[in-house]
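Engineer: Give me coordinates for this.
(one chain, ligands or ions: 1)
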Amino acid sequence: MALLTIDGVWKRYRHHNVLRGVDLTVDPHEVVCLIGASGSGKSTLLRCVNLLETVDDGAIYLDDQEITDVRANPDQIRQRIGIVFQAYNLFPHMTVLDNITLAPRKVHGVPRTQAEAQARDLLARFGLADKAGTYPDRLSGGQQQRVAIIRALATHPRLLLLDEVTSALDPTLVNEVLGIIRELKQSGMTMILATHEMSFARDIADTICFLDQGTLLEHGPPAQIFDAPQNPRTREFLYG
Ligand SMILES: Nc1ncnc2c1ncn2[C@@H]1O[C@H](COP(=O)(O)OP(=O)(O)OP(=O)(O)O)[C@@H](O)[C@H]1O
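Structural biologist: This is a model prediction of the structure:
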């Protein structure tokens, strides 16, 4: 059974159709990369899945629960769907440990000692054990983004959404963030990434989805999309 099902999702801002009937299923452990020009709707699709945006038509299911149902509890859904943005959005007045434990403690009621133990385990797993008591402004951009990913993992999500997570980084720091994403893939994390980094998408994705003006025009394994794109728009986007 699919872990995530996006069924005919439309999103409009005023009269602009930003998503036009997007259908997509994501299986457990699958890594999906969304590619497409700026403004094609990649971020909007991720934001709809995380319930940061409402959908105007269609539905989204996590396992077999409709999360776009008005009766669904967004806090509970977001515990199962983590999201990381281009801007790390760490709280500057809080230590790394407090940033990571905030949602588990305050939103999901995990006792402080348990939340901190789990956070320290994650920091150790991703090479940041010595940063627990550090404030974000003392970290490099790459370290801050790794902390932001760890923070999203702290609620043990079923699905992780990554929106252009390396775009704001100095090129020398990109690899440390890509490394964490590779490791998450190896550990079986289901992920949807919006990215402009085609070589990384090719390397990490099980499925590439090409969005064009809000329509999912073509999807398939990286070799198919990159080496033999079927749609002329995909060819034009990739190869000019
Ligand atoms: N809150 C909003 N109000 C109005 N229009 C919006 C809003 N958010 C996004 N849009 C518009 O929706 C379209 C899709 O934007 P979106 O950010 O999803 O694209 P994207 O593919 O992620 O682009 P990029 O690669 O630059 O991040 C754009 O035309 C954008 O201007």
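
Engineer: Kindly report the residues of this structure close to the ligand.
Structural biologist: Within the chain, the positions near the ligand by CB under 6 Å from any ligand atom are 13, 18, 36, 38, 39, 40, 41, 42, 43, 44, 164, 194. C-beta: built from backbone N, CA, C; applies to glycine.

Engineer: quick one: which of those residues sit in strands?
Structural biologist: Of the residues of the chain next to the ligand, the ones assigned to strands by DSSP state E are 13, 18, 194.

Engineer: burial measure for the nearest residue in space to the last one that is not next to it in sequence, as a count.
Structural biologist: If the residues on either side of it in the chain are set aside, residue 194 comes closest to residue 42, at 3.7 Å by CB to CB, 6 or more residues apart in numbering. Other residues within reach of residue 42, judged by other CB atoms under 10 Å, total 24.

Engineer: Residue 167 too?
Structural biologist: 14.

Engineer: The chain: strands as residue ranges?
Structural biologist: Under DSSP E, the chain gives strands at 4-13, 16-26, 31-35, 57-62, 65-66, 81-84, 159-163, 190-194, 207-212, 215-220.

Engineer: Spatially central residue for this protein, please.
Structural biologist: Taking CA atoms, centre = their mean, the centroid of the chain lies closest to residue 161, which sits 1.4 Å from it.

Engineer: Does it touch residue 190 like I think?
Structural biologist: No: judged on CB atoms under 8 Å, residue 161 makes no contact with residue 190 at a distance of 10.0 Å.

Engineer: which stretches of the chain form helices?
Structural biologist: 42-49, 74-80, 96-102, 112-125, 141-153, 171-186, 198-204, 222, 232-239 (DSSP state H).

Engineer: looking at these, which is closest to residue 212?
Structural biologist: With CB to CB as the measure, helix 232-239 is the member of the helices of the chain nearest residue 212 (5.0 Å).

Engineer: relative orientation of the closest one and strand 31-35 in degrees?
Structural biologist: On the basis of axes from the mean of the first three to the mean of the last three CA atoms, to 10 degrees, helix 232-239 is oriented at 90 degrees to strand 31-35.

Engineer: helices and strands around helix 232-239, which ones?
Structural biologist: Counting contacts by 3 or more CB pairs under 8 Å, 6 or more residues apart in numbering; DSSP states H and E, helix 232-239 packs against strand 207-212, strand 215-220.

Engineer: follow-up on the earlier one: in ChimeraX, how would I select the buried members of the ones in strands among the residues of the chain next to the ligand?
Structural biologist: To isolate the buried ones among those in ChimeraX, judged by 16 or more other CB atoms under 10 Å, type:
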select :18,194
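
Engineer: among the ones in strands among the residues of the chain next to the ligand, which one has the lowest pLDDT?
Structural biologist: Checked by pLDDT, those have residue 13 as the lowest-scoring entry (94).

Engineer: Roughly how far does that one sit from residue 22?
Structural biologist: Separation of residue 13 from residue 22 (CB to CB, to the nearest Å): 15 Å.

Engineer: Quick one: low-confidence residue ranges for this structure.
Structural biologist: Scanning the chain for pLDDT under 70 picks out no residues.

Engineer: follow-up on the earlier one: output the helices and strands packed on helix 232-239 in CSV; the columns should cover mean neighbour count.
Structural biologist: As requested, the helices and strands packed on helix 232-239 are exported to CSV (neighbours: other CB atoms under 10 Å):
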stretch, mean neighbour count
strand 207-212, 23
strand 215-220, 19
